[in-house]
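> Test case, fold it:
(one chain, ligands or ions: 3)
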Amino acid sequence: MPRFVVFVGPRGSGKTTLGHALGRVLDAPVYDTDRMVEDLAGEPLSRLWEREGEEAFRAVESRALETLLTLSPGVVSTGGGIVLRQENRQNLRRLGYVIYLHVPEEQLLSRLASGSERRPRLRQGVSLEEEVRQVILERDPLYREVADRVLSVGGASIATTLEEILSVLRPLSPTIGRIP
Ligand SMILES: Nc1ncnc2c1ncn2[C@@H]1O[C@H](COP(=O)(O)OP(=O)(O)OP(=O)(O)O)[C@@H](O)[C@H]1O
Ligand SMILES: O=C(O)C1=C[C@@H](O)[C@@H](O)[C@H](O)C1
Ligand SMILES: [Mg+2]
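Ligands and ions are numbered 1, 2, ... in the order given. Below is the predicted model of the structure:
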């Protein structure tokens, strides 16, 4: 698998879930920048964020992404805010084929509201609904800027979305690796 397949998109869009599923099917290494940040920082993401703030988290996130450029190609799930820094947008494009998982706001909201995972809030003093709206407004153009492909995957099951991803990757198999 000569190049990476990279998922970008907002929190709850399924980057981690689909990254693992794709890695299994391709029998390829799976990386998650959020987990790499935790390994580099030696503590859970939420604690790093709480203790040192977002900028400290972003600095470690950029280091994690740089590290990826030196690792064996595989599937990469990114953190939802990785596109905020220009240097990261450049490195994402260097890694390989970037897929933006586009999911309708209402669906993101229901996944975030029902999820058991602890995610730090990104905006203070506003509802989760308003936070999701603001964050999408700010980042949608940045996800599109880095993406080779925008996949609108709202409403579909994980299995159906995975099939769609595989059908996007098949024609690229000379650069991505063998796709079943
Ligand atoms: N079609 C689908 N594709 C992906 N995830 C889905 C789908 N349908 C439901 N889900 C659920 O939505 C959630 C997606 O969460 P996931 O952690 O994968 O998102 P993420 O993009 O990695 O978020 P973050 O940026 O916070 O890391 C999971 O609980 C998953 O089970
Ligand atoms: O959207 C964001 O800014 C974030 C998304 C998560 O993946 C984590 O990277 C962190 O919680 C920040
Ligand atoms: Mg994730």
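> residue farthest from the centroid of this protein?
Centroid-distance maximum for the chain: G125 at 25.6 Å, with CA atoms, centre = their mean.
> now stretch 143-159, how far from the centre of its chain.
Distance, stretch centre to chain centre, for stretch 143-159: 11 Å (CA atoms, centre = their mean, to the nearest Å).
> quick one on the thing from earlier: need phi/psi at the residue farthest from the centre of the chain.
Here is the backbone geometry of G125 (degrees, to the nearest 10): phi 80, psi 10.
> What separation do you get for it and ligand 3?
25 Å (CB to the ion, to the nearest Å). The C-beta positions use only the backbone N, C-alpha and C, and glycine is treated the same way.
> With G19 instead?
8 Å.
> so where does that residue fall, helix or strand?
Assigned by DSSP states H and E, G19 falls within helix 15-26.
> Over to E164?
In this assignment (DSSP H and E), E164 forms part of helix 158-169.
> what distance separates that helix from the centre of its chain?
Relative to its parent chain, helix 158-169 has a centroid offset of 16 Å by CA atoms, centre = their mean.
> can that helix be found next to ligand 1?
Yes. On the criterion CB under 6 Å from any ligand atom, helix 158-169 is in touch with ligand 1 at 158, 161.
> contacting residues around the most centrally placed residue in the chain?
Geometric centre of the chain, nearest residue: T78, 3.0 Å, by CA atoms, centre = their mean. Each residue near T78 by CB atoms under 8 Å, 6 or more residues apart in numbering is listed here: 6-8, 15, 32-34, 65, 92.
> How far off centre is the helix holding G19?
Distance of helix 15-26 from its chain centroid, counting by CA atoms, centre = their mean, is 11 Å.
> can you offset everything so residue one is 45?
From this message on, residue numbering opens at 45, which makes the last subject helix 59-70.
> List the buried residues for it?
By 16 or more other CB atoms under 10 Å, the buried positions in helix 59-70 come out as 59-63, 65-67, 69-70.
> Kindly reformat those as a markdown table and extend each row with pLDDT and distance to P218.
A markdown table is the format used below for those (pLDDT from 0 to 100; distance: CB to CB, whole Å):
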| residue | pLDDT | distance to P218 |
| --- | --- | --- |
| K59 | 98 | 25 |
| T60 | 97 | 28 |
| T61 | 97 | 27 |
| L62 | 98 | 23 |
| G63 | 98 | 22 |
| A65 | 97 | 23 |
| L66 | 97 | 18 |
| G67 | 96 | 20 |
| V69 | 95 | 18 |
| L70 | 94 | 15 |
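> Pull the contacting residues for the closest residue to D76 other than its chain neighbours.
With sequence-adjacent residues excluded and distances taken as CB to CB, 6 or more residues apart in numbering, D76 is closest to S121, at 4.4 Å. Residues near S121 by CB under 8 Å, 6+ apart: 51, 59-60, 62-64, 74-78.
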